[in-house]
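In: okay, structure incoming, though there's no sequence with it:
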């Protein structure tokens, strides 16, 4: 095939490759500047893109097809060199149809057919005859994919002889395709912004955008009409210009709520116009996020409600006292049904106003009281009021306790009851929990005092100085257990945490000479106290006489839960030679008897030549919190 010129780019060029590359880069630059020109029509820009692609691939013809996102089909947007039969046949291409562009769309990658008469895509298909009649023997289709992965369409170039573009030509084509995709994405965004701008400008409500510092960034025509400021007077200025001096704190609250991602609806307040008038407005304010989800500002819709507020101010103030109250307020006719049902009643009981009106309140709520309901109604009728606690059942079956007040209302000769109920369910439950806690604290305090007395008696045989030291250390060990139990609200203590707490004087050795290993399990409060004291005594003895008293000594604390059996062990090695003690004091009692009693288990204590070996075995239910099990292992 001889040399052909396509535009100003030559297929065969006797100049150096650097000069050809410079021409190509110059053309790409010019194309980029044309696409960036907002005064250029889209069709003209796409035609320039297509001409550049035809030139770079040395093609005879070409077209750009765009995806119709409603149908998912490709439609020809611009073309060069084709006549009506071809354009009519390929006017729309479905992704499943036999066509190079359809194959490229399915794979989101370039498809090259060097000879259409030899391609499985076309052989035996009507499209082959259409291509040959259009003097097309080879074709390539490159998808138009933007930087963020969006697929916009296909860029295809066609050749009158069998042909495959060179790798250099294809690299240049990729640059053109990327420019085209980014151009189409920008035009789509501009169209969306233009539509949004038209909607905002035509809105009857004031629509304002601002930064998180309260600086106005957009101001529509309705905002001009409402506040009197034109856009140039407000954009770049603080929205606080519209807020009365005594309400400036509102903006601080609004910005704080927006920064937390909250949308504020039906926020009624007062604003100031350019001529100094105050107007009542209702605001809806929404956070605005960037592409990453970060909140960067807010959009605000303001509606003038001045006239409405003036017309209904008195009525609304009266109704608001009832309607917006947190208390459940409703009215029922004595010996009749409910006639009014507040929002507070809806919130507390779950019944809407439509659900409640007309129903007998005692039946709807299944009222339970300290007196018969007939007596309650009689007291309202005769005495004019009733006060006390009632139990009601909500729509979802919950029982709530309310502090109830009933006031007699005579209207049009009929007797009604205005019922005002405050939910005290949580207060009652809290009082009951406090009572239980007081009893529990009393019980635990007595047990603690007994344990302290026992520690004091068992330690008293020492000298005064030694007594104070040992007694203080044992109380500190007990306090460490208490701290962990209180921190966990007496629901148990993790074994790993307990061991670290009792080994606190040797914290620097943990992971070096002291190793803790076992599954993640939690002791019951009783087990935590007994085993914790035992670990303290073992650590104290090891520090004085055992493995922790020498440089090379080692202590392993391990625990396991095998089915129904739990065990924890303390093993010393590489320390000074160990011999059984000559007498058994309180420490021995803690290590053996106290530990055994706390879990109803068995202690095996051996004074081996290599070091002390202590092991406590018991039923897992006696030592571990219900539901605790070996989920993972921790080692230090």
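Out: Arrived safely. Keep in mind that what you see is a predicted model, and the values were worked out from it rather than measured.

In: what segments of the stretch 351-500 of the chain are strands?
Out: Here the stretch 351-500 of the chain has its strands, by DSSP state E, counting those that start in this stretch, at 385-393, 399-411, 414-423, 493-494.

In: for the stretch 501-636 of the chain, same thing?
Out: 514-519, 522-523, 554-562, 565-573, 602-608, 611-619, 633-635.

In: out of the strands of the stretch 351-500 of the chain, which is the most enclosed?
Out: Of those, the one with the most neighbours on average (mean count of other Cβ atoms under 10 Å) is strand 493-494, at a mean of 22. To be clear about C-beta, it is placed using only N, CA and C from the backbone, and glycine gets the same treatment.

In: adjacent strands (with direction) for that one?
Out: strand 522-523 (antiparallel) (DSSP bridges).

In: low-confidence ranges, the stretch 51-200 of the chain, go.
Out: 95-105, 193-200 (pLDDT under 70).

In: which of the strands of the stretch 501-636 of the chain comes out lowest on mean pLDDT?
Out: Among these, strand 633-635 carries the lowest mean pLDDT, at a mean of 41.

In: returning to that earlier point: got TSV for the strands of the stretch 351-500 of the chain, with mean pLDDT too?
Out: Rendered in TSV, the data for the strands of the stretch 351-500 of the chain read as follows (pLDDT from 0 to 100):
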stretch	mean pLDDT
strand 385-393	92
strand 399-411	91
strand 414-423	91
strand 493-494	86
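
In: okay if I get these as a markdown table plus distance to residue 225?
Out: Formatted as a markdown table, the strands of the stretch 351-500 of the chain follow (distance: least, Cβ to Cβ, whole Å):
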| stretch | distance to residue 225 |
| --- | --- |
| strand 385-393 | 50 |
| strand 399-411 | 45 |
| strand 414-423 | 44 |
| strand 493-494 | 66 |
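
In: residue 327: neighbour count?
Out: Residues contacting residue 327 under the criterion other Cβ atoms under 10 Å number 19.

In: about what we covered before: mind putting the strands of the stretch 501-636 of the chain in JSON lines, mean neighbour count included?
Out: Shown next, in JSON lines, are these (neighbours: other Cβ atoms under 10 Å):
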{"stretch": "strand 514-519", "mean neighbour count": "18"}
{"stretch": "strand 522-523", "mean neighbour count": "26"}
{"stretch": "strand 554-562", "mean neighbour count": "19"}
{"stretch": "strand 565-573", "mean neighbour count": "21"}
{"stretch": "strand 602-608", "mean neighbour count": "14"}
{"stretch": "strand 611-619", "mean neighbour count": "20"}
{"stretch": "strand 633-635", "mean neighbour count": "11"}
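
In: quick one: closest of these to residue 301.
Out: For residue 301, the closest of the strands of the stretch 501-636 of the chain is strand 522-523, at 53.1 Å, according to Cβ to Cβ.

In: before we move on, the earlier item: which of the strands of the stretch 501-636 of the chain sits closest to residue 269?
Out: strand 522-523 (52.3 Å).

In: return the distance of that closest one from the chain's centre.
Out: Relative to the chain's own centre, strand 522-523 is displaced by 32 Å; criterion: Cα atoms, centre = their mean, to the nearest Å.

In: determine the three-state secondary structure at residue 326.
Out: At residue 326 the chain is in coil, as set by DSSP: H, G, I helix; E, B strand; the rest coil.

In: just checking, it touches residue 343?
Out: No - between residue 326 and residue 343 there is no contact under Cβ atoms under 8 Å: 9.4 Å.

In: and these two? which has more neighbours close in?
Out: Legend: neighbour count by other Cβ under 10 Å for residue 326 and residue 343, higher for residue 343 (16 against 12).

In: burial count for the closest residue to that one other than its chain neighbours?
Out: Sequence neighbours aside, residue 323 is the residue nearest to residue 343 in space, at 5.8 Å (criterion: Cβ to Cβ, 6 or more residues apart in numbering). Using other Cβ under 10 Å, residue 323 has 13 other residues around it.

In: same deal with residue 60?
Out: By the measure other Cβ under 10 Å, the count of residues near residue 60 is 21.

In: how close does it get to residue 30?
Out: Distance, residue 60 to residue 30, using Cβ to Cβ, to the nearest Å: 23 Å.

In: same question for residue 137.
Out: 31 Å.

In: looking at the strands of the stretch 501-636 of the chain, which is closest to residue 383?
Out: Residue 383 sits nearest to strand 522-523 of all the strands of the stretch 501-636 of the chain, at 57.2 Å, using Cβ to Cβ.

In: re the thing from before, determine which of the strands of the stretch 501-636 of the chain approaches residue 39 most closely.
Out: strand 633-635 (68.5 Å).

In: got TSV for the strands of the stretch 501-636 of the chain, with distance to residue 185 too?
Out: Compiled in TSV, the strands of the stretch 501-636 of the chain are given as follows (distance: least, Cβ to Cβ, whole Å):
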stretch	distance to residue 185
strand 514-519	55
strand 522-523	56
strand 554-562	60
strand 565-573	64
strand 602-608	75
strand 611-619	69
strand 633-635	51
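
In: the more surrounded of residue 137 and residue 30?
Out: residue 137 (19 against 12).

In: who are the contact partners of that one?
Out: 115-117, 131, 159-163 (Cβ atoms under 8 Å, 6 or more residues apart in numbering).

In: please enumerate the strands of the stretch 51-200 of the chain.
Out: Using DSSP E, counting those that start in this stretch, the strands found in the stretch 51-200 of the chain span residues 61-68, 73-80, 92-93, 111-113, 138-145, 151-159.

In: could you list the domains of this structure?
Out: According to automatic domain parsing, the chain comprises the domains 5-193, 204-312, 325-422, 461-635.

In: can I get these in JSON lines with distance to residue 431?
Out: Shown next, in JSON lines, are the domains of the chain (distance: least, Cβ to Cβ, whole Å):
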{"stretch": "domain 5-193", "distance to residue 431": "59"}
{"stretch": "domain 204-312", "distance to residue 431": "34"}
{"stretch": "domain 325-422", "distance to residue 431": "11"}
{"stretch": "domain 461-635", "distance to residue 431": "18"}
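
In: residue 572 and residue 515, how far apart?
Out: 12 Å.

In: mutual contacts of the two, please.
Out: Common neighbours of residue 572 and residue 515 (Cβ under 8 Å, 6+ apart) are 554-555.

In: rewinding a little: out of the strands of the stretch 501-636 of the chain, flag the one nearest residue 364.
Out: Taking Cβ to Cβ, strand 522-523 is the member of these nearest to residue 364, at 46.0 Å.

In: circling back: now the contacts of residue 137 in a markdown table, with neighbour count and distance to residue 75?
Out: Below are the contacts of residue 137 laid out as a markdown table (neighbours: other Cβ atoms under 10 Å; distance: Cβ to Cβ, whole Å):
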| residue | neighbour count | distance to residue 75 |
| --- | --- | --- |
| 115 | 15 | 27 |
| 116 | 22 | 22 |
| 117 | 13 | 27 |
| 131 | 25 | 19 |
| 159 | 25 | 23 |
| 160 | 16 | 25 |
| 161 | 11 | 28 |
| 162 | 14 | 28 |
| 163 | 21 | 26 |
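
In: for those residues, give me a markdown table that also has distance to residue 93.
Out: Shown next, in a markdown table, are these (distance: Cβ to Cβ, whole Å):
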| residue | distance to residue 93 |
| --- | --- |
| 115 | 21 |
| 116 | 15 |
| 117 | 20 |
| 131 | 13 |
| 159 | 19 |
| 160 | 21 |
| 161 | 24 |
| 162 | 23 |
| 163 | 22 |
